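Student: Predicted coordinates and the sequence they were generated for:
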Amino acid sequence: MNKIKQKTILLVEDEVIIAMLEIKQLKREGYKVIHTTTGEKAVIIACCEDECIDLILMDIDLGSGMDGTDAAMEILKQKNIPVLFVSSHIEKDIVSKTENITSYGYVVKNSSFTVLDASIKMAFKLFDAKQKLQNQIDEINDLYNNAPCGYHSISPEGIVISINDTELKWLGYSRNEILGKKISEFMTADGLKVYQEILPAFKETGFINNLELSYLRKDGTVLSVLFTGNAIFDDNGNYLMSRSTITDNTERLQADYILRKSRHELEVHRIELEMQNEELRLVRDLSEAAADKYSTLYELSPVGYFTLDRDGTIVELNLSGASLLGKERSVLTGTNFKFFVPEANRSDFSMFIDRIFANESGISCDLTMENSNGDPLFVHIKGLISGDEQRCFIIAFDITKLKMAYEKIKTLESLKIKNNEIL
């Protein structure tokens, strides 16, 4: 049976008799107690690396020196420790002052120990909950910043208000060099012209998908991208901001050039694919929580996102990924990604995963897969290793329709050549 770690409480109380009683009661409940009578000593003890303080019980009036509120503020500048104020003050301004310092509670002196103990336990629970939330936010931030595509948000005035590390790396700028600047400053002349032409319609419809734009890197070279954006409106329909993704289009420029010159049949397939992508992106979570802001971009992406471990097991995936493979997300989690790759192609997939975990950059490949119904899928996948190097992020583009359309074009061209030979 695992032994539960004993919690250590720093009791800051200048009245010795009260302190002795509280120490006795706290020890009876299984806590380790360290006692001091001044705010200055409390700061030294709490911030000392040799002491692991789990919670501070802080009196406010501590004699002629530093009072409890100042001591708490100084401690919280250096350490993340829950502080529970215990004082005889009941004035509204005093209580409000403590609430601005920390949110772990305020207990009036002479309350029963039952009340104090319950407040301590509640403070521990609140602290644990905040830590878990912060860990989730850190993980989402890592996913946002290290995604295989660029993310940025633009104000109504065209000012860049947020941008992820991937896009910064592509452009060659630091975050401080871009934030607060107009996005137009980083576009080529042709890219700016296209952007300005589409912007009014974008603000009206709230959506744009796979728009070809070109940005100017810091070194003067051109970055060609596919731009997808969502507009955010308030309850009155006023345009607030845009959230956009960009994918590096450099490697596929020649293929896209051929597609743009294709006949009407290929154009129909392209439009159908855009309509399908638009339907997948219409569902958005407008939660005000900070973590949901990045989760929305992840969940409603028109492409499949997968997080795999080193064995290729699916650790996490978005809704588009589940739709691509044809199963519920809860069923797919824990399933090895290679099960959706035919035996003949698994060596290619294994080599792709090995290259990612070898920390090679710009890893991508075209892969033939099968969904849960056994239907063939043609996907273009890109990969990036995670910060801890124990996982990798995979982005999967469904190019099945484009592949089929391309094959039809080849057939038509072949027939055309044969007809010319006959004529």
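Tutor: Good, I have the coordinates.

Student: How about stretch 199-217, which residues are buried there?
Tutor: For stretch 199-217, burial by neighbour count (16 or more other CB atoms under 10 Å) applies to L199, F202, G206, I208, N209, N210, L211, L213, S214, Y215, L216. For glycine as for every other residue, the C-beta is placed from the backbone atoms N, C-alpha and C.

Student: got it, and stretch 330-341?
Tutor: Using 16+ other CB under 10 Å as the test for burial, stretch 330-341 gives L332, T335, F337, K338, F340, V341.

Student: pretty sure the first one contacts L325?
Tutor: Yes - assessed by CB atoms under 8 Å, L332 is found in contact with L325 at 6.0 Å.

Student: can you tell me which residues contact E22?
Tutor: E22 makes contact with L11, E13, V33, L57, F113, L116, according to CB atoms under 8 Å, 6 or more residues apart in numbering.

Student: nearest to D165, of those?
Tutor: Looking at the contacts of E22 and their distance to D165, the nearest is L57, at 41.5 Å (CB to CB).

Student: measure that closest one to T69 for me?
Tutor: Using CB to CB, to the nearest Å, L57 is found at 14 Å from T69.

Student: now do N371
Tutor: The spacing between N371 and T69, counted by CB to CB, is 61 Å.

Student: what's the answer for N164, then?
Tutor: For N164 relative to T69 (CB to CB), the value is 39 Å.

Student: So N371 and T69 - more neighbours on which side?
Tutor: Between N371 and T69, T69 has the larger neighbour count (other CB atoms under 10 Å), namely 21 against 15.

Student: Please tell me how far the more buried one sits from L126.
Tutor: Taking CB to CB, one finds T69 at 19 Å from L126.

Student: Output the buried residues of stretch 199-217 in a markdown table; the columns should cover secondary structure and pLDDT.
Tutor: Listed next are these as a markdown table, based on DSSP: H, G, I helix; E, B strand; the rest coil; pLDDT from 0 to 100:
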| residue | secondary structure | pLDDT |
| --- | --- | --- |
| L199 | helix | 87 |
| F202 | helix | 87 |
| G206 | coil | 86 |
| I208 | strand | 89 |
| N209 | strand | 88 |
| N210 | strand | 86 |
| L211 | strand | 87 |
| L213 | strand | 89 |
| S214 | strand | 90 |
| Y215 | strand | 92 |
| L216 | strand | 92 |
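
Student: Just the closest of the residues you listed to L240, please.
Tutor: G206 (10.8 Å).

Student: Spatially nearest residue to the closest one (excluding sequence neighbours)?
Tutor: Leaving aside its chain neighbours, G206 sits nearest to A231 (3.9 Å; criterion: CB to CB, 6 or more residues apart in numbering).

Student: Hmm, the one you found is touching A201, no?
Tutor: No - the pair A231 and A201 fails to qualify as a contact (CB under 8 Å) at a distance of 10.4 Å.

Student: Before we move on, what's the pLDDT of E13?
Tutor: Here, the pLDDT recorded for E13 equals 90.

Student: thought it was touching L57?
Tutor: Yes - between E13 and L57 a contact is recorded at 7.3 Å, counting by CB under 8 Å.

Student: joint contacts of these two?
Tutor: Listed as contacting both E13 and L57 by CB under 8 Å, 6+ apart are E22, V86.

Student: longest helix anywhere in the chain?
Tutor: helix 113-145 (DSSP state H).

Student: what helices or strands is that one leaning on?
Tutor: Helix 113-145 sits against helix 16-28, strand 55-58, strand 83-87, strand 106-108, helix 290-299, with contacts defined as 3 or more CB pairs under 8 Å, 6 or more residues apart in numbering; DSSP states H and E.

Student: Packed most tightly, which of these would that be?
Tutor: Counting by mean count of other CB atoms under 10 Å, strand 55-58 has the highest mean neighbour count of those, with a mean of 26.

Student: Parallel or antiparallel, list what pairs with that strand.
Tutor: Paired neighbours of strand 55-58 in the sheet (DSSP bridges): strand 8-12 (parallel), strand 83-87 (parallel).

Student: Just after that strand, pick out the following helix or strand.
Tutor: helix 68-78 (DSSP states H and E).

Student: so G321 makes contact with T307?
Tutor: No - G321 is beyond contact range of T307, at 9.6 Å (criterion: CB under 8 Å).

Student: ok, those two, which is more surrounded?
Tutor: Taking neighbours as other CB under 10 Å, G321 and T307 compare with G321 leading, 22 against 18.

Student: Same question for that one, what's its three-state structure.
Tutor: helix (DSSP: H, G, I helix; E, B strand; the rest coil).

Student: show me what contacts the residue lying closest to it once chain neighbours are set aside?
Tutor: Once flanking residues are discounted, G321 sits nearest to G304: 3.4 Å by CB to CB, 6+ apart. Contacts of G304 were listed using CB under 8 Å, 6+ apart, and they are 317-318, 320-325, 379, 394-396, 398.

Student: show me the residues around the closest residue to M58 other than its chain neighbours that make contact.
Tutor: Nearest residue to M58, sequence neighbours excluded (CB to CB, 6+ apart): G68, at 4.4 Å. Residues near G68 by CB under 8 Å, 6+ apart: V12, G39, M58, D59, I60, D61, L62, F85, S87.

Student: what residue ranges in the chain score low on pLDDT?
Tutor: For the chain, applying pLDDT under 70 flags the ranges 1-4, 253-266, 268-269, 272-293, 423.

Student: Show me which strand runs longest in it.
Tutor: If you go by DSSP state E, the chain has its longest strand at strand 222-233.

Student: about what we covered before: please list only the buried members of the contacts of E22.
Tutor: Neighbour-count burial (16+ other CB under 10 Å) applied to the contacts of E22 gives L11, E13, V33, L57, L116.
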